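> Take a look and give me a structure for this.
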Amino acid sequence: MRATSTFREGPDGLYDPTAPPKSDLEEKSNRDNFRVPAGQTHVLMDVEGPGVITHMWITFLGPEAHPWAKDGSANHQEMLLRIYWDGSDRPGVEAPVGDFFGGCFGKRSEVISTAVITEGGDSYNCFWHMPFQKSARVEIVNQSEKPISLLYYNIDWIKRDSLPADTPYFYAQYTQAYPLETGKPYTLLETTGKGHYVGTVFSVRTRSPYWFGEGDEMVTIDGEAIPSVWGTGTEDYFLCAWGLERVLTPYFGVPYFDQWGIVGGHTSAYRWHVNDPFVFQESIKVQFETFGWIAPDENPEYRAMSWNPREDDYASVAFWYQTGTPTFAARAPYDRKLPSIERSVVLAYELDYGQKNTLDTDELPRLEYDGRRERKITEKEVQRYPEHFDFPVLYVPGNGLGADALEVPFTVSEKEPLRLLINMGQGPDLGIYEVSVDGVKLGGPMDFYAPKVESREYHFLDFWPDPGTYVLRLDCVGKNHLSSGYGLIIESVRLRERRPRVKEMAHDRDKDWRTTPIYYEGT
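The predicted model follows:
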C-alpha cells in the first residue's frame, strides 16, 4: 500500500483525496505536491490497520528564496513530524523533520545510512519499520511563519490480516536543552515498559572553547543502581575516535561538523543500534555526561584539563520500540532555533565602501559556477551565497600584494569577556590576509583560497575590551599559487559572548590585550 501526494482530481478540478490518481496528458497530472500555509497541519497518511509502515520519502523546497517561492519557505527545523498510533492523543513520533532525518540545526545535511537516507540533503528517506494494530496517522505541522512549499511524499506500508498482540510500536522523541545546566547529565530518553532502544540523533552547539565530548553515555536498564552500559566518551559512542569529524556510514555518522574547538561550533551525529539494541524489560534511561576540556578562564584553578562540567546547547532524537504506552514526559518545544550568542554583529555589506549592491536585481543571483567566476569583477560588490552565509557578503576583488586593505569598525558597550571573530569566505580567486585591531596584529596569515566558495569563521582573541569603538583591519599579504586573484569575501565581524562563569571568575579581566593578546584555541 502507499499513501502519496500524487494529484487526484475531483469533479470541480481541485484535489480530492477520494478520487483516483490523475493520469492523462494534462499538465495538471504532474501537480503532485502541496503547499502548507504557516501554522497549518498537513496529513500525509491516515489509514486503518493492522499494518506496518516500511518506508517514508518526503521532499520540499529549502528555506531560501526560489522562483516558485520568492519569499522563501519553512525551514525543516520548523516542520514538526508527528505520527499517531491507534488513535492515541499523544504522538508516538514527534520530532522536527530535519532532526528526525539527521539534518540538525536547520541545515540540510546529507545522510547515507541503513535507517535514514537524505540524499543531497533534500530527499528524506526513512526505513524504520513501524507496525500498528488499529490505525496510523502521519502529519507535518508547519510551525514556521512561512509556508511549506512543494511538499511531495510517498509512504509505503504493508496491510496485514493481523499482528501479534505483543508487537512493539516504534517511537521517536525530540528533546533539547539550551543550554544544559552545569554538570547535569543530558537525558535523551527515560521510559517504563518493555522494548529495545535502536538509535540516536544528537547535536551540540558549543558555548565554550575546546572539546565538549569527554562525557560518557550511560544506559540504565530496569531501574538498576549502576548503569549496565557505561561508555568511554561521546565520540566513542558514535563509533569514532579522537574526536568527531564528518563521516557517513551505515550505522554511525557525523553529517555536520563545522570547526573544532571554537565558541559556537556545531556538531551533529547519528548512531543506529540495528544490530546492538539496548534491550529492557521494565524501563530504560539513556543519558550523556556533559564533561569535557575547557579553557583556563572557565576553570576555578585557571588551568585547562579534560574533565570539566560544560554548559553547551544540546538537542537529540531518541528512537526506540516498546510495548504499552511510553511514560517519557518530554515534548518537542515550539521554539527550537538556537538562541543567539552574539553580543555584536557588524555586517560588512551594510557599511559604506562604495560597493555595488546587486541584491535587488536579478543580475547576480550567484557568482560561482563550477569553481570559476562567470565574469571579471573590478569593484566591490554585495553578493549572496545563502547556502553558506546567513547574510549577504561583501566581495573585494583585490588588486595585488600590499594594495588591498579593508577596515571594519566595531563598538563595545560594556566591559565583559568576549570572543572576537570574523566570518569569511574561501574561494578560487581569494588572497592571503592578516588581521589586526587598532594596530595590534592578531594570529597569522589566513589563506582564503579554496576550489569553490565556502564559509569559515576565524577566531582571534579572548579579551575584556573597554567600552568604545575599535577598528579591525584586513591586509593582503599574498595569495596561494592556486588562486586566480587576491580577493576577499567577508560577511561579518562578530563579538561572541562567553559563558557567565568567565565573568564571575574574571581571571583575565585586568590583562592588557594590546600587549599580550590571548586566544584560547581548542585542543
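> drop to CA atoms for contacts and neighbour counts, all remaining ones
Noted.
> Report the contact partners of the most centrally placed residue in the chain.
By CA atoms, centre = their mean, the chain has its centre lying nearest to Phe105, at 2.2 Å. If a contact means CA atoms under 8 Å, 6 or more residues apart in numbering, then Phe105 has 77, 99, 203, 337-338 as its contacts.
> What subset of the residues you listed is buried?
The neighbour-count criterion (16 or more other CA atoms under 10 Å) marks 77, 99, 203, 338 among the contacts of Phe105 as buried.
> Would you confirm that the third one contacts Gly106?
Right, Ser203. No - under the criterion of CA atoms under 8 Å, Ser203 makes no contact with Gly106, lying 11.1 Å away.
> low-scoring pLDDT stretches of the protein, where are they?
Across the chain, the ranges flagged by pLDDT under 70 are 358-376, 401-404, 523.
> Please pick out the residue of it most distant from its centre.
Distance from the C-alpha centroid of the chain, by CA atoms, centre = their mean, peaks at Pro11 (44.0 Å).
> Tell me the secondary structure at it.
The local conformation at Pro11, judged by DSSP: H, G, I helix; E, B strand; the rest coil, is coil.
> got it, and Leu163?
Recorded secondary structure, Leu163: coil (three-state DSSP).
> Give the full set of residues in contact with it.
Residues in contact with Leu163 (CA under 8 Å, 6+ apart) are 50-51, 133.
> Pick the one among those residues closest to Pro250.
Minimum distance to Pro250 across these is 26.4 Å, recorded for Gly51 (CA to CA).
> Excluding sequence neighbours, find me the nearest residue to the closest one.
Lys159 (4.3 Å; CA to CA, 6 or more residues apart in numbering).
> now do Gln259
Excluding the flanking residues, the one nearest Gln259 by CA to CA, 6+ apart is Gly265, at 5.7 Å.
> residue contacts, the one you found?
If you count contacts by CA under 8 Å, 6+ apart, then Gly265 has 205-207, 257-259 around it.
> What about those residues, which are in strands?
Applying DSSP state E to the contacts of Gly265, the entries found in strands are 205, 257.
> how about the contacts of Gly265 in a markdown table, adding neighbour count?
Shown next, in a markdown table, are the contacts of Gly265 (neighbours: other CA atoms under 10 Å):
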| residue | neighbour count |
| --- | --- |
| Arg205 | 22 |
| Thr206 | 23 |
| Arg207 | 23 |
| Phe257 | 17 |
| Asp258 | 16 |
| Gln259 | 16 |
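> what are the pairing partners of the helix or strand harbouring Val471, and which direction each?
According to DSSP states H and E, Val471 maps onto strand 468-478. Here strand 468-478 is paired, per DSSP bridges, with strand 405-412 (antiparallel), strand 432-437 (antiparallel).
> now the strands for the stretch 351-500 of the chain?
Taking DSSP state E, counting those that start in this stretch as the test, the strands found in the stretch 351-500 of the chain are 356-357, 368-369, 372-373, 381-383, 393-396, 405-412, 418-426, 432-437, 440-447, 454-463, 468-478, 488-497.
> Tell me which of the ones you listed approaches Val345 most closely.
Within these, the stretch nearest Val345 is strand 488-497; the backing value is 4.6 Å (CA to CA).
> Other residues contacting the following helix or strand past that closest one?
Of the helices and strands lying after strand 488-497 in sequence (DSSP H and E), the nearest is helix 500-505. Residues outside helix 500-505 that contact it (CA under 8 Å, 6+ apart): 297-298, 300, 416-417.
> Go again with 6 Å.
The contact list for helix 500-505 (CA atoms under 6 Å, 6 or more residues apart in numbering) reads 297-298.
> tell me which residues of that helix are tucked away?
Residues 502-503 are the ones in helix 500-505 that count as buried (16+ other CA under 10 Å).
> Next: stretch 177-192.
Buried residues in stretch 177-192, defined by neighbour count with 16+ other CA under 10 Å: 177-180, 185-192.
> Other residues contacting that stretch?
Applying CA under 6 Å, 6+ apart, the external contacts of stretch 177-192 come out as 282-290, 309-314, 318, 326-328.
> taking those one by one, which sit in strands?
If you go by DSSP E, the contacts of stretch 177-192 have 283-288, 309, 313-314, 318 in strands.
> Lys28 looks like it's in a strand, true?
No - if the criterion is three-state DSSP, then Lys28 is helix and not within a strand.
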